Each structure stands twice: as structure tokens, then as C-alpha cells.
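Participant: sequence and predicted model, in that order:
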There are 2 protein chains.
Amino acid sequence: MKYCPECGAPVELRLPQDDNRERHVCTVCATIHYHNPKLIVGAIPEWEDGRILLCRRAIEPRHGLWTLPAGFMENGETTAEAAARETLEEANARVDITHLYSMYNLPYINQVHLLFRARLLDLDFSPGVESLDVALFEERDIPWDTLAFRPVKYTLQRFFSDRRSGSFPFFNADLNAPGHTHDGHA
Amino acid sequence: MKYCPECGAPVELRLPQDDNRERHVCTVCATIHYHNPKLIVGAIPEWEDGRILLCRRAIEPRHGLWTLPAGFMENGETTAEAAARETLEEANARVDITHLYSMYNLPYINQVHLLFRARLLDLDFSPGVESLDVALFEERDIPWDTLAFRPVKYTLQRFFSDRRSGSFPFFNADLNAPGHTHDGHA
């Protein structure tokens, strides 16, 4: 941020009174502009035979790799609505969002990822504009080596393990930047 | 938003290509500026005798009312770190954050609230700059009529009920604007 979104004047980093970190503050109208983490919300759409719906990405980052339908939560919606909307947009698929299943913190990119278990309601799906392909996968056919994101990979691993045990407790974990020694994921 | 934070030129609402909602787009540099929900994260600090730590607010909104320590998540931290930081800032109290307990969606103000169960580690607490008072409450002494926020009230009600049953399953609910007929909370 270089300019004030409210008045267009330059901003500078300042420590506001009673605050403990520098903020972008307008040099003219004195508005303090805060920057906060974003929520990425998605679904684990499960068809009645146990297969999982994945999308192959038509956009960067990770063009060509597979992922669960997920994306940035929008203003004016709930987290479950966001997960259903992303599934509709990326896979033209209708789901019933059931339970929050995983939360991943990615503090190095200021993101929190939430993935919900979901029931896929019909087989009338197709690639949305951000997807090259959409398909249902049995566990043994999941493209583990070409999954786009770690929260998706780890969540799917845990999902299939939990499904064998018949219990899906909510879990959360922290991820550091790729290449970091400890990524907080058990 | 009236001006582009990157170049200072006016922005206008436009529907970007391949998007389905209007965004603030810069009329000069064409940068698209997205606005997303914010996370409010807090703790339910429980002392070893079962009492819960509450803070009386020294700031608006809800000046003078009681709340759990909570606030806007900051960039560069995890949700659990945010809950511990808010507890330290508002109550000068140290906690061990244990489990995510509740998630409230407040889509009418573009917020998602997360509250964690937490173990209060010592009794050396005091009001932070945003608090008038900090105190431990048994269930029967909770100031139910002067609690600041619905997610705090509903979470505390559920917490004490769950504690009697010995099980604290994660739950989530949606809240509409106060006064709305159905607020999604059972």
C-alpha cells in the first residue's frame, strides 16, 4: 500500500498510539489501514460411492495440478456458503456442506484454510472457468504426486484414514513456508 | 475505497473478466482490489478451579461490557497465536491454547469469529490498555446481561453445558444482524 484508499494521499508506516505494530497511516486524513489474513475455504465433495471430486487447475498458481474446490471467502457469505460457492464455480457441482474438518494456518502467506466435508448431490458436474478438468477419484486413484497444495494433500490423507476408522474429528495444523525444517504437520 | 492503494488514481466498481461480482478496479493501473472477511480470534481462559477469565471493555464498541479476550487476527500469526496474543494484550494473561471450540459466521459484517479453549497458566493478570477490568468468574457469576457480543454469550452458554457433560465438540453457527428473525443459532 502506497496511497490512502480513502483520500488518495500518500501513506506511511507509523506506530499508532496504543498499538504495538506499524500500520499504514494516511499522511493527510490520518486513517489507519489494517491488513489481515484471508480465509481460503473449500469442500471435500464425496459421492455416495465414496469417490471424491477433484478439479485440475486452469489458473496459476499450480496450473495443471489437482485440488479440492476451494478459494477466497467473499464478503457477505458464511464459510459454508463459501465452500459451496467455490464447488459450484470450479466444478459446476452442487454439494451439501456438512462438517468443518480441517483448519490450516499458513502464517507466511497470511492465510487460514478451512476445508469442509460435503455430500456431492448429483453427477451433473463439469469444469468451471478456473478448471481444466473435474473428476471423481477413488482413494487408490488420487493423483498424490500432482496435488496442488499441501493442505489439500494432508487433508485428503487424513480423510481416508479417518474414513477407515469411522470417525472424522476436526483437526488443525500450522504450515511453514515450503522447505522450512518443521512444518508443524504431524 | 475511492483511490488505488498502489498508484493513487481513482478506482471504480467494475466486473472483471471471468469474475461474477463487481470489484474496485483502478482506472489507471487496472489493479483489482479485493475485500474479504476478517477473522476475530479469541480464547476461553479457564483457571484450574474452573473459573473463566473475562475482560470489561475500555473501548468501543460495547464500552463497559464484559467479553472473552478476542480481536482481529494479524498477518504473520496463526489462529492459536492470535488467541494467545489477544489474551496477553487485553488481560496481561498467559494461556495455553488447547482446542478450537466454536466458529461463528457474521456475514452481515464480513466477520468470522473463532474461539479456542485455553488453560490459564497463572493468576498474575491485570487489565490491558483496552480493558477496564479483568476478573475470574464461576458459572453462576457470569454477567450474562452485560456480555458484549453474541458469539461470546452463546459460546459461554455452550461451554458450561458441555463441561457438565464432559465433552466439548467443536460447533459452528451463523448469526444474522441483531433483530433479524432467524439468527441460525439453535
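Facilitator: Arrived safely.
Participant: identify the residue nearest the geometric centre of chain A.
Facilitator: A:I40 (3.1 Å; C-alpha atoms, centre = their mean).
Participant: pretty sure that one is touching A:L68, no?
Facilitator: No - judged on C-beta atoms under 8 Å, A:I40 makes no contact with A:L68 at a distance of 10.6 Å. C-beta: built from backbone N, CA, C; applies to glycine.
Participant: thinking again about what came up before, just the element for the residue nearest to the residue nearest to the centre of chain A when sequence neighbours are not counted, please.
Facilitator: Excluding the flanking residues, the one nearest A:I40 by C-beta to C-beta, 6 or more residues apart in numbering or on different chains is A:H113, at 4.6 Å. Element membership of A:H113 [criterion: DSSP states H and E] is strand A:111-120.
Participant: next, the angle from that strand to strand B:111-120.
Facilitator: Angle of strand A:111-120 versus strand B:111-120, following axes from the mean of the first three to the mean of the last three C-alpha atoms, to 10 degrees, is 110 degrees.
Participant: kindly format the C-alpha coordinates of strand A:111-120 as CSV.
Facilitator: The C-alpha trace of strand A:111-120 is given here as CSV (Å, rounded to 0.1, in the frame of the first residue of the first chain):
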residue,chain,number,x,y,z
GLN,A,111,-3.8,-17.3,5.1
VAL,A,112,-6.1,-19.6,7.0
HIS,A,113,-7.5,-22.6,5.1
LEU,A,114,-10.8,-24.2,6.1
LEU,A,115,-12.0,-27.5,4.5
PHE,A,116,-15.4,-28.9,5.0
ARG,A,117,-16.8,-32.4,4.5
ALA,A,118,-19.5,-32.3,1.8
ARG,A,119,-22.0,-34.6,0.2
LEU,A,120,-22.0,-34.4,-3.6
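Participant: can you spell out the domain ranges of chain A, please?
Facilitator: Following automatic domain parsing, one gets these domains for chain A: A:1-35, A:38-174.
Participant: partner strands of the strand holding A:H113, with direction?
Facilitator: strand A:38-46 (parallel), strand A:95-106 (antiparallel) (DSSP bridges).
Participant: flag every buried residue along stretch A:20-35.
Facilitator: Applying a neighbour-count criterion of 16 or more other C-beta atoms under 10 Å in any protein chain shown, one finds A:R23, A:H24, A:V25, A:C26 buried in stretch A:20-35.
Participant: measure it end to end?
Facilitator: Terminal residues of stretch A:20-35 are spaced 14 Å apart (C-alpha to C-alpha, to the nearest Å).
Participant: what about it, near chain B?
Facilitator: Yes - using C-beta under 8 Å from any C-beta of the partner chain, stretch A:20-35 reaches chain B at A:N20, A:R21, A:H33, A:Y34, A:H35.
Participant: for chain A, longest helix please?
Facilitator: Counting residues, the longest helix in chain A under DSSP state H turns out to be helix A:150-165.
Participant: show me what secondary structure element comes after that one.
Facilitator: strand A:171-174.
Participant: just to revisit the earlier point, go through the domains of chain A and pick out the most buried.
Facilitator: Counting by mean count of other C-beta atoms under 10 Å in any protein chain shown, domain A:38-174 has the highest mean neighbour count of these, with a mean of 19.
Participant: give the residue farthest from the middle of chain A.
Facilitator: In chain A, the residue most distant from the centre (C-alpha atoms, centre = their mean) is A:V28, at 36.9 Å.
Participant: is it fair to say that one lies in a strand?
Facilitator: No - looking at A:V28 with DSSP: H, G, I helix; E, B strand; the rest coil, it is coil, so not inside a strand.
Participant: does the longest helix of chain A reach chain B?
Facilitator: No - shown here: helix A:150-165 not in contact with chain B (C-beta under 8 Å from any C-beta), separated by at least 13.3 Å.
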